[in-house]
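A.B. asks: this is the structure alone, sequence omitted:
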DNA sequence: GTCTATATCTGGATAGAC
DNA sequence: GTCTATCCAGATATAGAC
């Protein structure tokens, strides 16, 4: 998730500082509205100095996009792996949702920057981000596939469409989430309840 | 949904042509990437001529954003109103979902432009769009509230959170929807099934 | 109502000193 | 590794002819 041109193992405080500042600004204001001058100012340097670390604005945003997907992928994966071997299917599902939302809403700017600006960057930059995106999609598809094979998810559920529904609903929380009104975990549990059981009130529950 | 400064009742082919062309370009490429020169070219005129009809680029996008919300609001409302008086709760819910997705995925560029670029426009433009947004949100909240009061939606479902989940999941379909792989109606029915009943396989169905 | 021409500004990127 | 200074392209917006 970092593609320096040469001699990578350096201290790289300047480089990391630029990436961090850029991700925060991109997340807040979008790709087109953030200038290299603004990034430089937030990182505490001058605009021209950026070019010692990066070839272009696109090079910066390319790294940020990759880091964002990697972060959410790793957090979701870690949340599932932390479960006991005999965890119930709904617990596994909930853990993945929690990991995704924690990475998006609580940890760092890279993931939220990715969700916000992916649709705004040049096509070439989007294309460069596709491999890590596909890897995360495959992870989720495999997870859902396993849950369906074990009988936890109904057979008539189209899994790739379900994955798109889930990612769409989860990523959209970024637009309105307010940590002061309950954390990401509580939100994840609310959403999981609806995804698993729906909203419909089944009348005539067997007494 | 149109805020001309003076003498509105004119023919307005030029004006409408500019709005239509701009909405289409904004939907495809985002707000920042589309120049007035590109809009003018798509509308068949020169860039300078745009200023006869609009005061600024922001004035154009302001109208487009409002028109987008109005279109989805009206389509959802019409779909529900077209139902017989004794329509079942799940039929009402499905009709609203269908209307929203039809407006977003099949009818015109204004609604999809709104979803795509709302997060990219200047804050003042976003603020100007809030009243029509709030009106649509209120419509959905009232609809869901009625369904919950009648017992169709479980009492423990938080309605404002449900509304955010629904709009988020529905609007996200714009990013991947392909009309060649099934229309908006079929997609709406798939999503509705999950929203209503969830994905979880209830074992021990009463035989 | 649309044109041409242009003023003005901003942003990405480069060159070379330190 | 960061600075200053600057080039150049492209954008919004304006002025006035037609």
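C.D. replies: Nice, I can see it. All values reported here derive from a predicted model rather than from experimental measurement. Numbers count the residues shown, from 1 in each chain, chains lettered A, B, ... in the order given.
A.B. asks: mind listing what's buried in the helix ranked longest in chain A?
C.D. replies: Counting residues, the longest helix found in chain A (DSSP state H) is helix A:123-149. Neighbour counts using 16 or more other CB atoms under 10 Å in any protein chain shown place A:125, A:128-129, A:132-133, A:136-137, A:139-140, A:143-144, A:147-148 of helix A:123-149 among the buried residues. For every residue, glycine as well, the C-beta is placed using N, CA and C.
A.B. asks: same for the helix or strand that comes right after it, what does it pack against?
C.D. replies: Remark: after helix A:123-149, the chain's next helix or strand is helix A:159-172, criterion DSSP states H and E. Taking 3 or more CB pairs under 8 Å, 6 or more residues apart in numbering or on different chains; DSSP states H and E as contact, the helices and strands that helix A:159-172 lies on are helix A:89-105, helix A:123-149, helix A:184-197, helix B:159-172, helix B:184-197.
A.B. asks: so how far is the fourth one off the chain centroid?
C.D. replies: For helix B:159-172, the separation from the chain centroid amounts to 12 Å (computed by CA atoms, centre = their mean, to the nearest Å).
A.B. asks: so which of the helices and strands packed on helix A:159-172 comes closest to DNA strand C?
C.D. replies: Closest to DNA strand C of the helices and strands packed on helix A:159-172 is helix A:123-149 (CB to the nearest atom of the strand; 11.2 Å).
A.B. asks: now do the closest one against helix A:89-105, angle only.
C.D. replies: Orientation check (axes from the mean of the first three to the mean of the last three CA atoms, to 10 degrees): helix A:123-149 against helix A:89-105 gives 160 degrees.
A.B. asks: now for helix A:123-149, which elements pack on it?
C.D. replies: Helices and strands in packing contact with helix A:123-149 are listed as helix A:57-81, helix A:89-105, helix A:159-172; criterion 3+ CB pairs under 8 Å, 6+ apart.
A.B. asks: so which of the ones you listed gets nearest residue B:85?
C.D. replies: Proximity to residue B:85, assessed across those by CB to CB, is greatest for helix A:159-172 (31.4 Å).
A.B. asks: contacts for the closest one?
C.D. replies: Outside helix A:159-172, the residues that touch it by CB atoms under 8 Å, 6 or more residues apart in numbering or on different chains are A:97, A:100-101, A:104, A:115, A:137, A:140-141, A:144-145, A:148, A:153, A:191, A:195, B:164-165, B:167-169, B:171-173, B:175-176, B:187, B:190-191, B:194, B:199.
A.B. asks: equivalent analysis for stretch A:41-53, please.
C.D. replies: By CB under 8 Å, 6+ apart, the residues outside stretch A:41-53 that reach it are A:14-15, A:17-18, A:20-22, A:24-25, A:36-37, A:39-40, A:60.
A.B. asks: try it again with 6 Å
C.D. replies: Counting by CB atoms under 6 Å, 6 or more residues apart in numbering or on different chains, the neighbours of stretch A:41-53 from elsewhere in the structure are A:14, A:15, A:17, A:18, A:21, A:36, A:37, A:40.
A.B. asks: from the middle of its chain, how far away would whatever helix or strand the fifth one lives in be?
C.D. replies: It stands for residue A:21. Under the criterion of DSSP H and E, residue A:21 resides in helix A:13-29. With CA atoms, centre = their mean as the basis, helix A:13-29 stands 16 Å off its chain's centre.
A.B. asks: near DNA strand D at all, that helix?
C.D. replies: Yes. Residues of helix A:13-29 contacting DNA strand D under CB under 7 Å from any atom of the strand: A:13, A:14.
A.B. asks: tell me the mean pLDDT over that helix?
C.D. replies: The average pLDDT for helix A:13-29 rounds to 94.
A.B. asks: quick check: pLDDT value at whatever residue of chain A ends up closest to DNA strand D.
C.D. replies: Ranked by CB to the nearest atom of the strand, the top residue of chain A for proximity to DNA strand D is residue A:48, at 2.5 Å. Confidence at residue A:48, expressed as pLDDT, is 97.
A.B. asks: which other residues reach stretch A:127-136?
C.D. replies: Against stretch A:127-136 from outside (CB under 6 Å, 6+ apart): A:62, A:65, A:66, A:69, A:73.
A.B. asks: redo those as TSV? Include distance to residue A:80 and pLDDT.
C.D. replies: As requested, the contacts of stretch A:127-136 are exported to TSV (distance: CB to CB, whole Å; pLDDT from 0 to 100):
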residue	distance to residue A:80	pLDDT
A:62	28	98
A:65	24	98
A:66	22	98
A:69	17	98
A:73	11	98
